[in-house]
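Peer 1: this one's structure only:
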């Protein structure tokens, strides 16, 4: 049975649906944000011009193709979240990091927002996708600046190496050929110069600044140029 309006020039509900569909598509094409509507399995139903332009294509060239033919998904947990939302009849929204290659071969990065839509919770939803483009991928945290190598005399380096081995002041004095007071004099000068409170901090600073050789036991002064 065909549903029609009565009277001359009557149109079917199907004709009206086509009119509203075309109006919706024209509206989408005026939205600058890349948008697509897909089946839950990823088959593209509708895209606007902004989405097609990302790949240098016309909108019709994307129809019925899989959305993941065009995007690399970097958040696989999003797929699991979508499946779980459908199982629980939830209409949730998810965001995922994606990358893609434009029509001119440039690599781009962005965030895809995925919303589940349907008339009733029991129906298999469609996916409403919108794309936010980022100029560059998220930058890795900057490495901390290198600590400049400290300037020490050969005698100070030998004292620090002995202190790192746990030698007492008397033992250091005997090894280096100084008096205990002479050892304390050098250690005091180093703590003031490096602004550290004690012998433990001196040793830590000596390793951090390359005065003592790393990965060496027993501790030894690094090669001094």
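Peer 2: In hand now; what should we look at? If you're wondering where the values come from, they're calculated on a predicted model, not measured in any experiment. Residues are numbered from 1 along each chain as shown.

Peer 1: who are the neighbours in contact with residue 160?
Peer 2: 152, 190, 202-203, 206, 211-212, 219, 221 (CB atoms under 8 Å, 6 or more residues apart in numbering). Heads up, the C-betas are built off the backbone N, CA and C, glycines and all.

Peer 1: Who does the strand ranked longest in the chain pair with, and is each partner parallel or antiparallel?
Peer 2: The longest strand of the chain (DSSP state E) is strand 107-117. Applying DSSP bridges, strand 107-117 is found paired with strand 93-101 (antiparallel), strand 126-134 (antiparallel).

Peer 1: Including mean neighbour count, distance to residue 196 and mean pLDDT, could these go into JSON lines?
Peer 2: Below are these laid out as JSON lines (neighbours: other CB atoms under 10 Å; distance: least, CB to CB, whole Å; pLDDT from 0 to 100):
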{"stretch": "strand 93-101", "mean neighbour count": "16", "distance to residue 196": "44", "mean pLDDT": "87"}
{"stretch": "strand 126-134", "mean neighbour count": "17", "distance to residue 196": "44", "mean pLDDT": "87"}
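
Peer 1: So for residue 51, which of these sits nearest?
Peer 2: Of all the strands paired with strand 107-117, strand 126-134 sits nearest to residue 51, with 6.7 Å by CB to CB.

Peer 1: For this structure, which segments are assigned as helices?
Peer 2: 13-29, 49-53, 77-87, 154-164, 169-176, 180-194, 199-208 (DSSP state H).

Peer 1: okay, now the domains of this protein?
Peer 2: Domain ranges of the chain: 13-134, 147-225, per automatic domain parsing.

Peer 1: pLDDT averaged over the shortest one - what is it?
Peer 2: Taken as a whole, domain 147-225 has an average pLDDT of 85.

Peer 1: quick one: which of the strands paired with strand 107-117 is nearest residue 43?
Peer 2: Of the strands paired with strand 107-117, nearest to residue 43 by CB to CB is strand 126-134, at 9.8 Å.

Peer 1: Show me the contact partners of the closest one.
Peer 2: Residues from elsewhere that reach strand 126-134 (CB under 8 Å, 6+ apart): 33-40, 42, 45, 51, 54, 67, 82, 98, 108-118.

Peer 1: Show me just the buried residues among those residues.
Peer 2: Buried subset of these (neighbour count, 16 or more other CB atoms under 10 Å): 34-38, 51, 54, 67, 82, 98, 108-110, 112, 114, 116.

Peer 1: before we move on, back to that, redo the strands paired with strand 107-117 as TSV? Include distance to residue 173.
Peer 2: What follows is the strands paired with strand 107-117, written out as TSV (distance: least, CB to CB, whole Å):
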stretch	distance to residue 173
strand 93-101	61
strand 126-134	62
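
Peer 1: Contacts for stretch 100-117, please.
Peer 2: Everything outside stretch 100-117 that qualifies as a contact, by CB under 8 Å, 6+ apart, is 53-57, 70-73, 78, 82, 85-86, 90-99, 125-134, 136-137.

Peer 1: Off-centre distance for the longest strand of the chain?
Peer 2: 15 Å (CA atoms, centre = their mean, to the nearest Å).

Peer 1: and what of stretch 195-203?
Peer 2: 38 Å.

Peer 1: got the buried residues for it?
Peer 2: 202-203.

Peer 1: So residue 154 sits against residue 221, correct?
Peer 2: Yes - Residue 154 lies in contact with residue 221 (CB atoms under 8 Å); the separation is 7.3 Å.
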